[in-house]
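Colleague: I need the structure of the sequence given here:
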Amino acid sequence: MIAAFDIGSTRLRYAVGKSDGTLKTEVYSEDTDAEGLSNQIGQKVKELEKEIGNRIETVAVASTGLIDRKNKIIKRFDTRDGGYIEDIPPGDDIGDRRLFLENDTNAGALGEYFFGSEENDEHMIRVTIGTGIGAGIIEGGSLLEGLERNAGEIGHIIVDREGELSQEGIEGSWEAYCSGRGIPEFANSLYPSLDVSDAEEVFEKAENGKEEAEKALGKVHELNAKALGTVTNLFAPETIVIAGSVAAENPEVIDNIEERIGKYCYVNAPE
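Modeller: Numbers count the residues shown, from 1 in each chain. Down below sits the predicted model:
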């Protein structure tokens with residue numbers, strides 16, 4: 001049995017499953033305790049063992065941020081407020097159980113490849129548009145890893161070369177404008193009277209006919225298409241799978257990408 005953890009900046013999800021993808025519990029979710037992450041994981045492992053009535057021998061952790069798989073630490077964990085915590089050892093409180101650690105977007109791409117709706121698509125990119133933006137890239141049926149397995153940080157593609165908004169110190173990056181953290185800041189920079197505190201509020205105001213919110217989201221949709229057009233020209237995927245809370249909770253995000261991406265693609269636009 002494997003205790004699997006998906007750790008995002010905002011939410012932590014966890015369950016028990018088998019290596020064939022079969023889940024033995026429901027998928028639980030709670031707020032991520034960034035400062036006490038190791039303890040949070042350890043406590044949940046104990047709770048899961050009590051539920052299934054068996055010892056868990058393996059803990060698999062997929063986390064946002066930069067991962068050091070060799071030393072089994074999260075080198076840089078991106079917090080919900082846009083800051084970061086360095087060198088988190090997620091296995092400190094799991095005892096002698098085996099620990100496997102992976103970047104969350106890489107894990108998501110592998111999961112999509114082996115078990116998802118586009119199973120065995122040889123040229124596929126799974127993009128997460130949530131609190132942050134990142135991707136796992138499948139090329140020829142294998143994960144594209146890069147140095148220290150950190151390929152896929154597409155959220156830092158520059159979409160506004162003169163832009164003042166930034167994420168992780170990178171000015172003009174896609175994530176600074178179109179992620180869950182970035183959308184409200186971008187909208188407020190365009191229309192200060194909006195005075196929104198989170199992405200959900202921007203979408204709600206647009207749905208209720210607030211013109212400034214509609215215009216702000218129009219720019220967000222265009223930047224999403226522009227960035228993914230760049231990604232398409234770089235990797236020529238057959239399929240782009242869109243995940244993450246911003247996209248999942250607002251279907252118009254994907255609709256607008258599909259509608260607009262073609263004008264930014266030199267190669268064939270993906271499904």
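Colleague: by contact count, what packs against the lowest-mean-pLDDT helix or strand in the chain?
Modeller: In the chain, the helix or strand scored least confidently by mean pLDDT, DSSP states H and E is strand 166-167, which has a mean of 78. If you count contacts as 3 or more C-beta pairs under 8 Å, 6 or more residues apart in numbering; DSSP states H and E, strand 166-167 packs onto helix 174-178. All C-beta spots, glycine's among them, are computed from the backbone N, C-alpha and C.
Colleague: neighbouring contacts of the helix it packs on?
Modeller: For helix 174-178, the surrounding residues in contact (C-beta atoms under 8 Å, 6 or more residues apart in numbering) are 129, 132-133, 154-160, 163, 165-168, 170, 181-183, 185-186, 219-220, 223-224, 227, 246.
Colleague: In the chain, what residue spans correspond to strands?
Modeller: Across the chain, reading from the start of the chain, the strands by DSSP state E fall at 2-7, 11-17, 28-31, 58-63, 66-68, 73-78, 84-88, 98-103, 123-129, 133-139, 142-143, 166-167, 170-171, 239-243.
Colleague: from the contacts of helix 174-178, which would you call buried?
Modeller: When the contacts of helix 174-178 are checked for burial by 16 or more other C-beta atoms under 10 Å, the buried set is 129, 132-133, 154-157, 159-160, 163, 165-168, 170, 181-183, 185-186, 220, 223-224, 227, 246.
Colleague: Tell me which entries of the residues you listed lie within helices.
Modeller: G182, I183, E185, F186, V220, L223, N224, A227, V246 (DSSP state H).
Colleague: what's the closest of the residues you listed to G42?
Modeller: Taking C-beta to C-beta as the measure, V246 is the one of those closest to G42, at 30.2 Å.
Colleague: so the closest one makes contact with I129?
Modeller: Yes: distance between V246 and I129: 4.7 Å, which falls inside the contact criterion (C-beta atoms under 8 Å).
Colleague: Confidence-wise, which of the strands of the chain is weakest overall?
Modeller: Comparing mean pLDDT across the strands of the chain, the lowest value falls on strand 166-167: a mean of 78.
Colleague: Tell me which strands that strand pairs with, and in which orientation.
Modeller: Taking DSSP bridges as the criterion, strand 166-167 forms sheet pairs with strand 170-171 (antiparallel).
Colleague: how distant is the strand it pairs with from the center of its chain?
Modeller: When distances are taken as C-alpha atoms, centre = their mean, to the nearest Å, strand 170-171 is centred 19 Å away from the chain's centroid.
Colleague: Tell me which residues are up against it.
Modeller: Judged by C-beta under 8 Å, 6+ apart, the contacts made with strand 170-171 from elsewhere in the structure are H156, I158, G163, E164, L165, A176.
Colleague: Just the closest of these to R11, please.
Modeller: The shortest gap between R11 and any of the contacts of strand 170-171 belongs to A176, at 21.2 Å (C-beta to C-beta).
Colleague: Per-residue pLDDT of that closest one, please?
Modeller: The pLDDT attached to A176 in the predicted structure is 94.
Colleague: and the gap between it and S189?
Modeller: Here the criterion is C-beta to C-beta, to the nearest Å. By it, A176 lies 10 Å from S189.
Colleague: Touching both of the two, which residues are there?
Modeller: Listed as contacting both A176 and S189 by C-beta under 8 Å, 6+ apart are L165.
Colleague: out of those two, which sits in the busier spot?
Modeller: Using other C-beta atoms under 10 Å as the criterion, A176 and S189 rank with A176 on top: 28 against 14.
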